[in-house]
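Trainee: Take a look and give me a structure for this.
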Amino acid sequence: MQETEDEKVAGGPAGKLIGKAKQAVGAIAGNEQLEREGRLQEAHVDAEAEAETRQARAEQVRAQAELEEQRREHELERERLQAERTHELQETKAERDHREREAKIEAERRAEEARLEQERRIREQALQAERDAAARERAAASGKAADLLAAAERAERRADVIEGETH
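Mentor: Numbering: from 1, shown residues only. The predicted structure is shown next:
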């Protein structure tokens, strides 16, 4: 029995069993053609099983490669997101540091203005104290001058009185 294009060889465990049966019948009947057909059918079933195993392994390797590729893509995306987050945090920190420096500079400027204003008030108070002292001194000097003038006038009148008594 020779397999034609229209004939189909049974596969799987049933095909293997049929192949063994053909070999046994061919051996018993002395039909080498049937025996060879049984071996070929068995070899065909084994080849199909091997092809299926290899196909399944290839699918597994492909699926594993796809999974690995997805894992790498996820890892790259995670790293990109982490880098982006780190960059955002650095920018936020830089902005915060900048605001803090500006606030510190503003506080120092205000403190300096307050110190200068305090110095100005102290100088103004000292100047006013000097003016007040000068005014008191002028008043005292004016009072002394008036006293001296009055004393001089009294002395002059006495001198006139004494002079009139002597003449």
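Trainee: Now do the helix or strand of the chain with the lowest mean pLDDT: everything it contacts.
Mentor: For the chain, the helix or strand with the lowest mean confidence is helix 12-29, at a mean of 84 (criterion: mean pLDDT, DSSP states H and E). Here helix 12-29 makes contact (CB atoms under 8 Å, 6 or more residues apart in numbering) with 9-10, 31-46, 48-49. Using the backbone N, CA and C atoms, a C-beta is placed for each residue, glycine as well.
Trainee: Just checking, which helix or strand succeeds it along the chain?
Mentor: With elements assigned by DSSP states H and E, the helix or strand that comes after helix 12-29 is helix 32-166.
Trainee: Against which helices or strands is that next one packed?
Mentor: Applying 3 or more CB pairs under 8 Å, 6 or more residues apart in numbering; DSSP states H and E, we find helix 32-166 packed against helix 12-29.
Trainee: buried set for the helix it packs on?
Mentor: In terms of neighbour count (16 or more other CB atoms under 10 Å), helix 12-29 has its buried residues at Gly15, Lys16, Ile18, Gly19, Lys22, Gln23, Gly26.
Trainee: Same list (those residues) but as TSV, adding distance to Ala133.
Mentor: Conversion of the buried residues of helix 12-29 to TSV gives the following (distance: CB to CB, whole Å):
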residue	distance to Ala133
Gly15	131
Lys16	130
Ile18	136
Gly19	135
Lys22	140
Gln23	140
Gly26	145
